[in-house]
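Novice: sequence and computational prediction follow.
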Amino acid sequence: MVGKLDYICHRDMVDNITSITEFILLGFPLGLRIQILLFGLFSLFYACTLLGNGVILGLISLDSRLHTPMYFFLSHLAIVDIAYACNTVPQMLVNLLKPDKPISFAGCLTQTFLFLTFAVTECLLLVVMSYDRYVAICSPLRYSAIMNWRICITLVLTSWTIGVLLSLIHLMLLLPLPFCRFQKINHFFCEIMAVLKLACADTHINEIVVLAGAISVLVGPFTSIVISYICILCAILRIQSGEGQRKAFSTCSSHLCVVGLFYGTAIIMYVGPRYGNPKEQKKYLLLFHSLFNPMLNPLIYSLRNLEVKNALKRVLGIERDL
């Protein structure tokens, strides 16, 4: 009798674990009017993200004065921001209009993999950019020798490679997990922790790897950026003229703003303490991270960077070269 009951329980468990073909993203459970309003607002932000980063890429490619290591790294940051937004925002917009429209299992895992790839790559690119500013201000006479094009290309390729490899580790640990029927993800995209909560198996190892990965690509790089800027600040304070100090700081202020926005939200999401309703807090932080950050980055660099503004004037013919 006991053996028969065990068989029935095992059969029911097997019946409940099936080959999942799609997920439902719950997104933001709001009224229809609010969802339509958000669709229009987020569509505008998405268009601004593509336009702003596209302008940055266009200016850097068209203006030879911007063919320097700093703007080479900035161009890759713009590419990451465009890819970052394109990976998550279109699906979010679809779900605002059609909340019950599913995303395929393969599409969900692809979205998870790409999100992690672009997030890790952006972390490392910001570190590379801080190193570039460190060399430019602390060792200006050796800048051309240290930041030659071979080094720049190697640093960028390394950032992309590490991003892909770390994301592959998470994907390989995620693929073998069994998922139960009627999968509803309490998020606007397939964020890895939200997907793991739906697995019909122990995900302890996956969660440890996610936390370890977050610490390694957030806390470590952020610490190196802080150390770089402490050295930069000391070097700026040693500059005798006030004009020289302002010029040196202006080349770093844009990058500092972007670092603050990116690392601030990311560390709070994955490493910081939890208060109130952590699921909802994380969802809105990730909305800021994937929609507003990529939109604000080109604005920060264009509004606070004189070289970018001058390049835009030259391309538009507002300012003619003498």
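Specialist: That came through, no problem.
Novice: ok, longest helix in the chain?
Specialist: helix 105-138 (DSSP state H).
Novice: centre of the chain versus that one, how much separation?
Specialist: 7 Å (C-alpha atoms, centre = their mean, to the nearest Å).
Novice: immediately after it, which helix or strand?
Specialist: Downstream of helix 105-138, the next assigned helix or strand under DSSP states H and E is helix 143-146.
Novice: related to what we said a few turns ago, can you give me the buried ones in the longest helix of the chain?
Specialist: The neighbour-count check on helix 105-138 (16 or more other C-beta atoms under 10 Å) flags 105, 108-109, 111-138 as buried. Backbone N, C-alpha and C define where each C-beta goes, glycine included.
Novice: ok, residue 48 to residue 161 distance?
Specialist: 30 Å (C-beta to C-beta, to the nearest Å).
Novice: surely residue 311 and residue 67 touch.
Specialist: No - the criterion here is C-beta atoms under 8 Å, and residue 311 misses it with residue 67 at 10.8 Å.
Novice: quick one: which of the two has more around it?
Specialist: residue 311 (24 against 12; other C-beta atoms under 10 Å).
Novice: from residue 301, how far off is the more buried one?
Specialist: 11 Å.
Novice: from the middle of its chain, how far away would whichever helix or strand residue 266 is part of be?
Specialist: Using DSSP H and E, the element containing residue 266 is helix 242-270. Offset of helix 242-270 from its chain centre (C-alpha atoms, centre = their mean): 16 Å.
Novice: helices or strands up against that helix?
Specialist: helix 105-138, helix 204-214, helix 220-237, helix 278-287, helix 293-303 (3 or more C-beta pairs under 8 Å, 6 or more residues apart in numbering; DSSP states H and E).
Novice: swap in 7 Å and give it another go.
Specialist: On a contact count with 3 or more C-beta pairs under 7 Å, 6 or more residues apart in numbering; DSSP states H and E, helix 242-270 meets helix 105-138, helix 220-237, helix 278-287, helix 293-303.
Novice: got the angle for the helix or strand where residue 96 lies vs helix 242-270?
Specialist: According to DSSP H and E, residue 96 maps onto helix 69-97. If you take axes from the mean of the first three to the mean of the last three C-alpha atoms, to 10 degrees, helix 69-97 sits at 40 degrees to helix 242-270.
Novice: of residue 48 and residue 161, who's got more company?
Specialist: A direct count of neighbours by other C-beta under 10 Å for residue 48 and residue 161 places residue 48 higher, at 18 against 12.
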